[in-house]
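Asks: Please work out how this folds:
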Amino acid sequence: MKSLILASMLAAAAIVSTTAPSQAANVTVTTTERAPAHRWHKPMHHVATHCYVKTARFHEHGHWVVKKTRVCR
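Replies: Residues are numbered from 1 along each chain as shown. The predicted model follows:
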């Protein structure tokens, strides 16, 4: 009995699912070509930064530690 009900529900779902696409409306999408927007770029200016690496050696907890720090002016 359960399989008969299941089979009839499956058949009804199959019929409904095949009739839905046949009733669909046509859709037309149109696009137009547009010129790409012109972007103004500022020229990159080189900024002279005077940087150097400051090295510090110190003894900490029985080990030598080298600390390098970048310094820009």
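Asks: Okay, and residue 9 sits in which element?
Replies: Assessed by DSSP states H and E, residue 9 sits inside helix 2-22.
Asks: Same question for residue 58.
Replies: strand 51-60.
Asks: mind listing what the next helix or strand along the chain from that strand pairs with, with the direction of each?
Replies: Using DSSP H and E, the next helix or strand after strand 51-60 towards the C-terminus is strand 63-72. Strand pairing for strand 63-72, using DSSP bridges, gives strand 51-60 (antiparallel).
Asks: what does the strand it pairs with contact?
Replies: 64, 65, 66, 67, 68, 69, 70, 71, 72, 73 (CB atoms under 8 Å, 6 or more residues apart in numbering). The way it works is simple: take the backbone N, C-alpha and C, and place the C-beta from them, glycine included.
Asks: Would you reformat those residues as JSON lines and include neighbour count, pLDDT and distance to residue 1?
Replies: Shown next, in JSON lines, are the contacts of strand 51-60 (neighbours: other CB atoms under 10 Å; pLDDT from 0 to 100; distance: CB to CB, whole Å):
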{"residue": "64", "neighbour count": "8", "pLDDT": "95", "distance to residue 1": "87"}
{"residue": "65", "neighbour count": "10", "pLDDT": "95", "distance to residue 1": "83"}
{"residue": "66", "neighbour count": "8", "pLDDT": "96", "distance to residue 1": "85"}
{"residue": "67", "neighbour count": "10", "pLDDT": "96", "distance to residue 1": "83"}
{"residue": "68", "neighbour count": "8", "pLDDT": "96", "distance to residue 1": "83"}
{"residue": "69", "neighbour count": "9", "pLDDT": "95", "distance to residue 1": "84"}
{"residue": "70", "neighbour count": "8", "pLDDT": "90", "distance to residue 1": "82"}
{"residue": "71", "neighbour count": "9", "pLDDT": "90", "distance to residue 1": "87"}
{"residue": "72", "neighbour count": "7", "pLDDT": "86", "distance to residue 1": "85"}
{"residue": "73", "neighbour count": "6", "pLDDT": "80", "distance to residue 1": "90"}
